[in-house]
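Q: would you be able to build a 3D model of this:
(chains A and B)
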2 protein chains.
Amino acid sequence: MALQFEAFCAGGLAPGWSLTVQGHADAGEDKFEINFLTDAGDIAFHVKPRFSSATVVGNAFQGGRWGQEEVSSVFPLTLGEPFEVEVSADTEHFHIYAQEQKVLQFPHRHRPLATITRVRVLSDHQLAQVELAKRGLSWGDGGY
Amino acid sequence: MALQFEAFCAGGLAPGWSLTVQGHADAGEDKFEINFLTDAGDIAFHVKPRFSSATVVGNAFQGGRWGQEEVSSVFPLTLGEPFEVEVSADTEHFHIYAQEQKVLQFPHRHRPLATITRVRVLSDHQLAQVELAKRGLSWGDGGY
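A: Numbering: from 1, shown residues only, chains lettered A, B, ... in the order given. All right, here's what the predicted structure looks like:
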């Protein structure tokens, strides 16, 4: 899997940010994942659709080891077809949507949130679409 | 000036991408700039509002030296007040808007565009808002 997209924000990527990517997975390999990293290099949140078991898995890598997996069987993705995944964060959770359907809600395991400053998207395919946004309430009239 | 935001995309950040940030500049220092970098580390496009001369300046740093500056006197920014800058790219130009007003159009000096893979935003202030998007035509019904 290659690094397809990475972003760093000094002020932190949680809460208030959302990342939406259009990915593609084929031939049963689970080769798409998103990782939110801390300044220290831990993985505050790792999310991965597992086509092999039709599940979406969330976890964290802290202190040199993976924690308890959180597994969702809400799996609106189809192998070989493009899919849209959105990850957003509020003060308590990461929220994961696939094809605009809520698939997982992951309570924050890493604090303070402001030190979650990097996100990486890995995949075997280039990303057709990416949108990363930190939006305040006063952002333009359209509130986009 | 500190690195406030950085993004990398393996497939390149031009054409078809747009970056919109809400920045802040005070006390006459021109401490806000956006740089689009190539895989080799050249600056394919550097843009900076110069409050001191009420101009927006664009340039490129290639082969170890700065090129000819392109200077615009369309300057809808006010010192000490938050401002919104958008940079987008098509196959021929970078397009720069400030406060939603077109301020500069910068013909590409670096080719191929696909090797422009990194963007950095430097400022003394954290960015209140950031939106980085690569949008294809088929992206959702709202075309956002």
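Q: near chain B, which residues of chain A?
A: Neighbours of chain B within chain A, by C-beta under 8 Å from any C-beta of the partner chain: A:2-11, A:22, A:84, A:126-136, A:139-140, A:144. The C-beta positions use only the backbone N, C-alpha and C, and glycine is treated the same way.
Q: any residues touching the lowest-mean-pLDDT helix or strand in chain A, and which ones?
A: Scoring the helices and strands of chain A by mean pLDDT, DSSP states H and E places strand A:17-24 at the bottom, with a mean of 92. Residues outside strand A:17-24 that contact it (C-beta atoms under 8 Å, 6 or more residues apart in numbering or on different chains): A:5, A:7, A:9, A:13, A:32, A:34, A:81-89, A:119, A:121, A:123, A:125, A:127-135, B:136, B:139.
Q: then stretch A:63-72?
A: Stretch A:63-72 is contacted by residues A:42, A:55-61, A:96, A:103-104, A:106, A:109 when judged by C-beta under 8 Å, 6+ apart.
Q: just put these in JSON lines and tack on distance to B:Ser18, secondary structure and neighbour count.
A: Formatted as JSON lines, the contacts of stretch A:63-72 follow (distance: C-beta to C-beta, whole Å; DSSP: H, G, I helix; E, B strand; the rest coil; neighbours: other C-beta atoms under 10 Å in any protein chain shown):
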{"residue": "A:Asp42", "distance to B:Ser18": "32", "secondary structure": "coil", "neighbour count": "18"}
{"residue": "A:Thr55", "distance to B:Ser18": "35", "secondary structure": "strand", "neighbour count": "18"}
{"residue": "A:Val56", "distance to B:Ser18": "29", "secondary structure": "strand", "neighbour count": "22"}
{"residue": "A:Val57", "distance to B:Ser18": "32", "secondary structure": "strand", "neighbour count": "17"}
{"residue": "A:Gly58", "distance to B:Ser18": "30", "secondary structure": "strand", "neighbour count": "24"}
{"residue": "A:Asn59", "distance to B:Ser18": "33", "secondary structure": "strand", "neighbour count": "18"}
{"residue": "A:Ala60", "distance to B:Ser18": "32", "secondary structure": "strand", "neighbour count": "25"}
{"residue": "A:Phe61", "distance to B:Ser18": "33", "secondary structure": "strand", "neighbour count": "19"}
{"residue": "A:Ile96", "distance to B:Ser18": "25", "secondary structure": "strand", "neighbour count": "24"}
{"residue": "A:Val103", "distance to B:Ser18": "28", "secondary structure": "strand", "neighbour count": "22"}
{"residue": "A:Leu104", "distance to B:Ser18": "29", "secondary structure": "strand", "neighbour count": "21"}
{"residue": "A:Phe106", "distance to B:Ser18": "29", "secondary structure": "strand", "neighbour count": "22"}
{"residue": "A:Arg109", "distance to B:Ser18": "33", "secondary structure": "coil", "neighbour count": "18"}
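Q: let me have those residues in TSV, extended by pLDDT and distance to B:Thr38.
A: Putting the contacts of stretch A:63-72 into TSV (pLDDT from 0 to 100; distance: C-beta to C-beta, whole Å) gives the following:
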residue	pLDDT	distance to B:Thr38
A:Asp42	98	31
A:Thr55	95	40
A:Val56	96	36
A:Val57	97	36
A:Gly58	98	35
A:Asn59	98	35
A:Ala60	98	35
A:Phe61	98	32
A:Ile96	97	34
A:Val103	97	37
A:Leu104	97	37
A:Phe106	98	36
A:Arg109	98	37
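Q: nearest to A:Lys48 among those?
A: A:Val57 (5.2 Å; C-beta to C-beta).
Q: what bridges to that closest one?
A: Counting by DSSP bridges, A:Val57 is bridged to A:Lys48, A:Val71.
Q: also the one 5 residues further on?
A: For A:Gln62, the beta-bridge assignment (DSSP bridges) gives partners A:Arg65.
Q: neighbours of it, how many?
A: 15 (other C-beta atoms under 10 Å in any protein chain shown).
Q: wait, it touches A:Arg109, no?
A: Yes: with contact defined as C-beta atoms under 8 Å, A:Gln62 reaches A:Arg109; the gap is 6.7 Å.
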